[in-house]
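Colleague: take a look and give me a structure for this.
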Amino acid sequence: MLVTRQTKIGELIEQYPQAKAFLLMNGLHCAGCAANQIDTIESGGRIHAWPEQEIDLLVEELNKYLGQYAYNQTT
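Modeller: Take a look at the predicted model:
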């Protein structure tokens with residue numbers, strides 16, 4: 001799964017449970033909220049008044065993290 005700004009947080013956590021801890025550690029507390037079923041990464045960042053670049057950076061880092069996680073699971 002490629003994570004984008006439009007990825008719903010709840011769907012992401014459902015597919016990759018370890019993403020919840022990553023999001024929480026990086027300040028996107030929507031991951032632990034009931035609204036995560038409708039919030040996207042972009043809307044969550046905007047709710048917390050993040051600059052656009054910060055949302056993009058989180059998406060980039062999250063994709064790296066999940067890619068590394070998937071790689072480690074297969075080796």
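Colleague: in the chain, which ranges drop under the pLDDT threshold?
Modeller: 69-75 (pLDDT under 70).
Colleague: other SSEs contacting the longest helix that the chain contains?
Modeller: Ranked by residue count under DSSP state H, the longest helix found in the chain is helix 52-74. Under the contact criterion of 3 or more Cβ pairs under 8 Å, 6 or more residues apart in numbering; DSSP states H and E, helix 52-74 touches helix 18-25, helix 41-47. For every residue, glycine as well, the C-beta is placed using N, CA and C.
Colleague: so which of those is nearest residue 55?
Modeller: The closest of these to residue 55 is helix 41-47. By Cβ to Cβ, the value is 3.9 Å.
Colleague: identify the residues contacting that closest one?
Modeller: Residues outside helix 41-47 that contact it (Cβ atoms under 8 Å, 6 or more residues apart in numbering) are 3-7, 9, 12, 28, 30, 36, 39, 54-55, 58-59, 62.
Colleague: buried subset of the residues you listed, written for PyMOL?
Modeller: To isolate the buried ones among the contacts of helix 41-47 in PyMOL, judged by 16 or more other Cβ atoms under 10 Å, type:
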select buried, resi 3+5+7+9+12+28+30+36+39+55+58+59+62
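Colleague: thank you kindly, that will do.
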